[in-house]
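Asker: Sequence and predicted structure are below.
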Amino acid sequence: DAGVTQSPTHLIKTRGQQVTLRCSPKSGHDTVSWYQQALGQGPQFIFQYYEEEERQRGNFPDRFSGHQFPNYSSELNVNALLLGDSALYLCASSLVGTGANVLTFGAGSRLTVL
Amino acid sequence: GDSVTQMEGPVTLSEEAFLTINCTYTATGYPSLFWYVQYPGEGLQLLLKATKADDKGSNKGFEATYRKETTSFHLEKGSVQVSDSAVYFCALGGAGSYQLTFGKGTKLSVIP
């Protein structure tokens, strides 16, 4: 049973560029959340998608946007990259109705902004 | 807003030593509490959880009790192994919310 898969695993961008990260949820899950984990810090909630709509959002600027597709996979887009956006981006999936807090995390996409 | 404070690391223990990682929280309402573990190069894995006061979560020899009176959820294990070396995160989540609030993490190293 495949868990949460994320791509790419590593990428390097320069300031001002845009990046798209991808996530496939665990089989049977229908909601996806994204978290940003800076080096040495705990993950911070960016937003959550369900039924192709953003349902909850953390304290992140509009430069961070997302999308969920009919097959439940998701993308995280970050525009106008800043050095401070360098972090591990984690995707987590869950099944609505089974307990909102029970999340399965992927291994993450490590973004370096130069 | 909600917040989680956990003890600073790193923590280095000898194999078979007793482990305690302290975690306290601030939250409105009655959140669920979690411990997640992150092994090198891997994503976070749920270690254990508790959903209401006085609940004890346990898994793989680890346990933690939800203490509402002290707003704490300390992680304990009686005898650690080298394979327990990882970063441990305490987290809370409001009822029905997908937004977990994490502590900064505590790195545990267990030496033979």
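Answerer: Looks like it arrived, so ask away.
Asker: How about the residues of chain B by chain A?
Answerer: For chain B, the contact set with chain A under Cβ under 8 Å from any Cβ of the partner chain comprises B:4, B:32, B:34, B:36, B:41-46, B:49, B:89, B:91, B:93, B:95-105. C-beta: built from backbone N, CA, C; applies to glycine.
Asker: Show me the residues you listed that map onto helices.
Answerer: Of the residues of chain B next to chain A, none are assigned to helices by DSSP state H.
Asker: So how do I select the buried members of those in ChimeraX?
Answerer: Buried residues within those, by 16 or more other Cβ atoms under 10 Å in any protein chain shown, are selected in ChimeraX with:
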select /B:4,32,34,36,43,44,46,49,89,91,93,97,98,99,100,101,102,103,104,105
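Asker: With adjacent residues omitted, what lies nearest to the one residue in chain B that gets nearest to chain A?
Answerer: Proximity of chain B to chain A (Cβ to the nearest Cβ) peaks at residue B:102, 3.2 Å away. In space, and not counting its chain neighbours, residue B:102 is closest to residue A:42: 3.2 Å by Cβ to Cβ, 6 or more residues apart in numbering or on different chains.
Asker: likewise residue B:51?
Answerer: Counting by Cβ to Cβ, 6+ apart, residue B:32 is the residue found nearest to residue B:51 once chain neighbours are left out, at 4.6 Å.
Asker: that older thread, residues touching the residue nearest to residue B:102, list them.
Answerer: Shown here is residue A:42, whose contacts under the criterion Cβ atoms under 8 Å, 6 or more residues apart in numbering or on different chains are B:4, B:89, B:91, B:102, B:103, B:104, B:105.
Asker: contacting residues around the residue nearest to residue B:51?
Answerer: The contact partners of residue B:32, by Cβ under 8 Å, 6+ apart, come to A:101, B:49, B:50, B:51, B:92, B:93, B:94, B:95.
Asker: Looking at the contacts of residue A:42, which is nearest residue A:60?
Answerer: residue B:102 (15.1 Å; Cβ to Cβ).
Asker: Give me the distance between that closest one and residue A:22.
Answerer: Per Cβ to Cβ, to the nearest Å, residue B:102 is found 23 Å from residue A:22.
Asker: likewise residue A:94?
Answerer: From residue A:94 to residue A:22 the distance is 18 Å (Cβ to Cβ).
Asker: between those two, who's got more neighbours?
Answerer: Shown here are residue A:94 and residue A:22; by other Cβ atoms under 10 Å in any protein chain shown, residue A:94 has more neighbours (22 against 15).
Asker: quick one: the more buried one from residue A:50, how far?
Answerer: Computed as Cβ to Cβ, the residue A:94 to residue A:50 distance reads 9 Å.
Asker: Now the common contact residues for those two.
Answerer: By Cβ under 8 Å, 6+ apart, residue A:94 and residue A:50 have these common neighbours: A:30, A:31.
Asker: circling back to that earlier point, how about the residue nearest to residue B:51: which residues does it bridge to?
Answerer: Legend: beta-bridge partners of residue B:32 under DSSP bridges are residue B:93.
Asker: How are the strands of chain A distributed by residue range?
Answerer: Ranges of strands within chain A are A:5-7, A:10-13, A:19-24, A:31-37, A:44-50, A:53-57, A:64-68, A:74-78, A:87-94, A:104-105, A:109-113, based on DSSP state E.
Asker: Show me what the fourth one is packed up against.
Answerer: Contacts defined by 3 or more Cβ pairs under 8 Å, 6 or more residues apart in numbering or on different chains; DSSP states H and E place strand A:31-37 against strand A:44-50, strand A:74-78, strand A:87-94.
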